[in-house]
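S.K.: Give the three-dimensional model of this entry:
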Amino acid sequence: MNSKGTKIWQYLLDGALLLALALPLSELLYLIPGLMLQRVFFLCYFAAFFLTALLLEAFGRSGLTLRLLPAFPVAIGLISRDLPLFLNCLFALLLFAVLHLLLSLSFRKWILLPILAVLLILWIPKEDMPGYVAGSLILLFFGLLSEFIGNEKKSWLLLLGLTASLAFLLPSSEDPIRWEGLRRMISRAGEMMSTAWNNISYFFEGFAEKENTAYMGYSETGGLAGSITGEDREALQLITGRKTTVYLSGATYALMTPDGFPERLGSDKPVNSWLAMYLSALSETHTSRDEVSCFSRSERADISYTYIRTSDLLIPSTTFRITNSLKYGLTDTENKGFTYDLNYLELDKASPYFRRFVEKAALMKGTADYSEASETAWRLYNFRLSEYLTESEYYAALEQSRKDASDPRYLDISMATEDILRLSEEITAGCGTELEKALKIEAFLRQYTYDTSTDLRGRENYIQSFLFDEQRGYCMHYASAMVLLLRLSGIPARYVQGFLCDPDETGSVSASSAHAWVEGYLTGYGWLRFEPTAVMPGSEDNGWGLMVADKSKEEELPLPEESEVIQPPSLPDPVINRREEKDGKTLKGIILTIALYVGAIVGSVLLLILIFLFLRRLHYHRLSPKDKLLTDMKSLREKLEKLYPAEESFFDYLPHITDESSRGKLEELFRDYYRVRFRGDPVTPELNLRAHKSGDLLVSCRKM
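M.R.: Residues are numbered from 1 along each chain as shown. Below you'll find the predicted structure:
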């Protein structure tokens, strides 16, 4: 075995010790919350460092290992600009560097001994010790035992034997292997490949972003974008008490410019501050419990971020309880694995009782005090207001609501043109209340064509172009137009980004569910959501249709009269089906996706083949000259048996070989081989080379 092969073989042996140390140590690091470590990223980075060091060892550049590897976390930080990814890479590097230096010491066994003792003390009392940690501790124990024995080969063989014996002693099932288990393994392998692909694309998302496109999924910017493209995938998990459509609000915007909405609105108020105006309006309008039960109900939701990275807290706008640490929103960027739960109030905005309640609230002059709001909360919903809003927070929320009503940011109409102003007046002509105006504007815009390929950038006024020229677009264009039309009608409005969730049975919400909509401020009630995008479900689509059972308890108020909605300046094309837009992909996108998956599979297979060839070559080079000769001659016999009838000795194959030159060289090789085998002649490098290249002679024979 040459010195280079010996070093690589020794490094592989040390790699087993390295892994046995890293797994139980890293499992302890995950318990430290401030480090923000995640198993997948941490172990992937650690494996990358080990493979890099192995390659450097193979090329004889092991001295570069600890000089080159620090560039990894720097590159990760600059590319991703994501603190958790950077920290995972940094701590994986630190752990690898410490263990790498430890295993390079000549007296390492005296350091490994107390480390093993500490790990055993920490892990053995735990009832929930992971299996791979237990296996690592066993491997570390026998590896340390081999260090004290001293003979590398024998000690590692002892290690393998003892581990195999331990495996046979462990209890096992007497049932035979079922095909169902194999199917589950295949299915799990497919899921792992899909997850790996999603992790890779998640890490590099937006890295090759094109100028004329907007990537599918949630964005923290409200700027005007081009046509929507990109790979659809799961963004988050949403588990609710019942199958229902949920709007998760993220960022809100007020300032409108020709480039969209450039500034997100910050907020340091509790996420449930909306509850103050809502309860005050219920108290002032004396809405009955029977009517409230027809348009509102409490729901619970569990939310977990998967392939999304954002500093926005995604919650329903009517959330009244959330994990305590998130009461005022996020303070930092969160990504995969971030989980929280909440309770929110689901409202049927199509209910006549709700609309009459909002209309009546607009006529109220004052607001309820804290005790009146608390009594209303208990009377209608059986909860104590003090558990969700303190008295000071309640009055602060009412004061903030009054400020919102007169905030010039929500009434900015700098993007308005004479055409848009005239259109606003035509749409709302004859409307008597703010709610009527808002519903008319919403219904008018829902007549426009939904088209994700629309690009309105570079226009002098993209809202003018959307309403009068293109008359097609996607949610960003619809919501921008409604914000401006509401403001022109005297209603404060803001632009909202988030997710319109219609989760499947597993609770999965895809990136294509990212959406934008509008909130208008209605006097006496506060902020109310409106859905102007054509293909999205409107209030009537999700209406419950509940009515008060005892009509004597129902207050007789006139329902808003139905009036005709004016048509756009020219009739738009038929509305595109929502499911086709959400789930459909262009032929080019499908082909690209298939090509990427096939490329990943082929690349993985090629990588495995290369690793196998490398290990086989490594094993061959560490053999003695005689063992190399025996290996090559065995390979030669296998090739001869495939070409000619089986013979007892090598010389018996010579008559079958018609090429005289090849036959002569093979005869000389066979003679020298038998001299080594039966007479004990030494093996020369020249003989080794001839035996190794003997297969080329058979190739030339086949060509003849």
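
S.K.: got the contact list for stretch 675-695?
M.R.: With CB atoms under 8 Å, 6 or more residues apart in numbering as the contact definition, stretch 675-695 has outside contacts at 625-626, 628-629, 632-633, 635-636, 639, 665-666, 669, 672-673. Any C-beta I mention is one placed from the backbone N, CA and C, and that applies to glycine too.

S.K.: What of stretch 320-339?
M.R.: Counting by CB under 8 Å, 6+ apart, 38, 82-84, 202, 267-272, 275, 302-313, 315, 340-345, 387-388 sit against stretch 320-339.

S.K.: In strands only, show me those.
M.R.: Those of the contacts of stretch 320-339 mapping onto strands are D302, I303, S304, Y305, Y340, D341, L342, N343, Y344, L345, per DSSP state E.

S.K.: Which of the helices or strands spans A53?
M.R.: Here A53, judged by DSSP states H and E, is contained in helix 39-58.

S.K.: hang on, F678 is in a strand, isn't it?
M.R.: No: under DSSP: H, G, I helix; E, B strand; the rest coil, F678 sits outside any strand and is assigned helix.

S.K.: about what we covered before: weed out the non-buried ones from the ones in strands among the contacts of stretch 320-339.
M.R.: I303, S304, Y305, Y340, L342, N343, Y344, L345 (16 or more other CB atoms under 10 Å).

S.K.: My read is that the second one contacts Q237, right?
M.R.: Yes: because the distance of 4.3 Å satisfies CB atoms under 8 Å, S304 is recorded as touching Q237.

S.K.: if I pick the nearest residue to W527 once chain neighbours are set aside, what's in contact with it?
M.R.: Nearest non-adjacent residue to W527, counting by CB to CB, 6 or more residues apart in numbering: E519, 4.5 Å away. If a contact means CB under 8 Å, 6+ apart, then E519 has T252, S317, A493, R494, V496, W527, L528, R529, F530 as its contacts.

S.K.: Out of those residues, grab the one that's most surrounded.
M.R.: Greatest neighbour count in these, by other CB atoms under 10 Å, goes to A493: 27 neighbours.

S.K.: hey, what's that one bridged with?
M.R.: Taking DSSP bridges as the rule, A493 bridges to G520.

S.K.: just L236 next, same as before
M.R.: Y305, V509.

S.K.: confidence score at it?
M.R.: What the model reports as pLDDT for L236 is 89.

S.K.: still on that earlier bit, which member of the ones in strands among the contacts of stretch 320-339 is positioned nearest G222?
M.R.: Y305 (20.5 Å; CB to CB).

S.K.: Help me confirm that the closest one comes into contact with L236.
M.R.: Yes: Y305 is within contact range of L236, at 5.3 Å (criterion: CB under 8 Å).

S.K.: mind listing the helices for the stretch 551-700 of the chain?
M.R.: Under the criterion DSSP state H, counting those that start in this stretch, the stretch 551-700 of the chain contains helices at 578-583, 587-621, 625-643, 660-674, 685-692, 694-703.

S.K.: In terms of mean pLDDT, which of those ranks lowest?
M.R.: helix 578-583 (a mean of 40).

S.K.: Just the pLDDT for the residue nearest the centre of the chain.
M.R.: The chain has Y307 as the residue nearest its centroid, 1.7 Å off, counting by CA atoms, centre = their mean. pLDDT, Y307: 77.

S.K.: count of residues packed around I315?
M.R.: The burial count for I315: 23, using other CB under 10 Å.

S.K.: sec struct for E299, please.
M.R.: strand.

S.K.: nearest spatial neighbour of it, skipping sequence neighbours?
M.R.: E346 (4.9 Å).

S.K.: Ok, D404 next?
M.R.: That would be Y521: by CB to CB, 6+ apart, it lies 5.7 Å from D404.

S.K.: Surely Y307 is in contact with E234?
M.R.: Yes: using CB under 8 Å, Y307 is in contact with E234, at 5.8 Å.

S.K.: still on that earlier bit, okay if I get the buried ones among the ones in strands among the contacts of stretch 320-339 as CSV plus distance to M364?
M.R.: Below are those laid out as CSV (distance: CB to CB, whole Å):
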residue, distance to M364
I303, 35
S304, 40
Y305, 40
Y340, 35
L342, 29
N343, 27
Y344, 25
L345, 20
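
S.K.: Greatest separation within those: which pair is it?
M.R.: The most distant members of these, if one measures by CB to CB, are Y305 and L345, lying 23.3 Å apart.

S.K.: Show me where the stretch 401-550 of the chain has its helices.
M.R.: Under DSSP H, counting those that start in this stretch, the stretch 401-550 of the chain gives helices at 418-427, 434-445, 462-464, 475-488.

S.K.: Pick the most buried one from these.
M.R.: helix 475-488 (a mean of 26; mean count of other CB atoms under 10 Å).

S.K.: other SSEs contacting that one?
M.R.: strand 260-261, helix 418-427, helix 434-445, helix 462-464, strand 493-501, strand 514-522 (3 or more CB pairs under 8 Å, 6 or more residues apart in numbering; DSSP states H and E).

S.K.: List the contacts of the third one.
M.R.: Spelled out, it's helix 434-445. 355, 358-359, 362, 424, 427-428, 431, 478, 481-482, 485-486, 489-491, 520, 522-523, 528, 530-534, 538, 560, 563, 565-566, 568.

S.K.: Any of these buried? List them.
M.R.: 355, 358-359, 424, 427-428, 431, 478, 481-482, 485-486, 489, 491, 520, 522-523, 528, 530-534, 538, 560.
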